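Just a sequence and a predicted model for now, questions to come.
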Amino acid sequence: MTDPDKRIDDDWKKRAQDEKAKIARELEGAADPANDDAKAPPVEADPLFPSLVQQIAYPALMALGQIPDPRSGERMLDLKLAKESINLLSVLEKKTAGNRNPEEDKMIRDLVRDLQMAYTQTAEAAQRSVTDQASGNPAE
């Protein structure tokens, strides 16, 4: 039933698979965010960004007692205010990801980490103080 003069091209399957794989690689490359970063121009520093970050961080530092209130000169402890300020910085960090230069990236990442650690340490110390007072052991 086969015609001996008919030529069958068995190579077409391999070429179709190769073409399909090539297209898949190109599509994966276009969807890969790492490739977008490689092609994106470097992000310029915004001179207002550090000021914005400091304005959000300052209340957290005051609320943790790290710096005195400029109006009263006294240190305070307000864990709720500190947590809200730290959360605002975290949101800013996430929403500006990819739009910061390396210095800005390091600044906000380090500041959020440091404030989170300070918050945890201060909250634990406050809890120990409350526990000590409740048990009748005055804090030293």
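Yep, it's here.

can you pull the buried residues of the helix ranked longest in the chain?
Secondary structure of the chain per DSSP state H: the longest helix is helix 102-135. By neighbour count with 16 or more other C-beta atoms under 10 Å, helix 102-135 contains the buried residues Glu104, Asp105, Met107, Ile108, Leu111, Val112, Leu115, Gln116, Ala118, Tyr119, Thr122. Heads up, the C-betas are built off the backbone N, CA and C, glycines and all.

got it, and stretch 75-84?
Residues of stretch 75-84 classed as buried: Ala82, Lys83 (neighbour count, 16+ other C-beta under 10 Å).

what residues does stretch 72-80 touch?
Residues outside stretch 72-80 that contact it (C-beta atoms under 8 Å, 6 or more residues apart in numbering) are Met62, Ala63, Leu64, Gly65, Ile67, Pro68, Asp69, Tyr119, Thr122, Ala123, Ala126.

how long is it end to end?
One end of stretch 72-80 to the other measures 20 Å (C-alpha to C-alpha, to the nearest Å).

for stretch 21-41, same thing?
30 Å.

pLDDT of it, averaged?
On average, the pLDDT along stretch 21-41 is 67.

same check, this time on stretch 126-136
Stretch 126-136 comes out with an average pLDDT of 84.

Out of the helices and strands in this protein, which is least certain?
Across the helices and strands of the chain, mean confidence by mean pLDDT, DSSP states H and E is lowest for helix 33-39: a mean of 55.

What's the separation between the residue most central in space within the chain and Ala16?
The chain has Lys94 as the residue nearest its centroid, 4.5 Å off, counting by C-alpha atoms, centre = their mean. Lys94 sits 43 Å away from Ala16, going by C-beta to C-beta, to the nearest Å.

Please consider this matter closed, and thank you.
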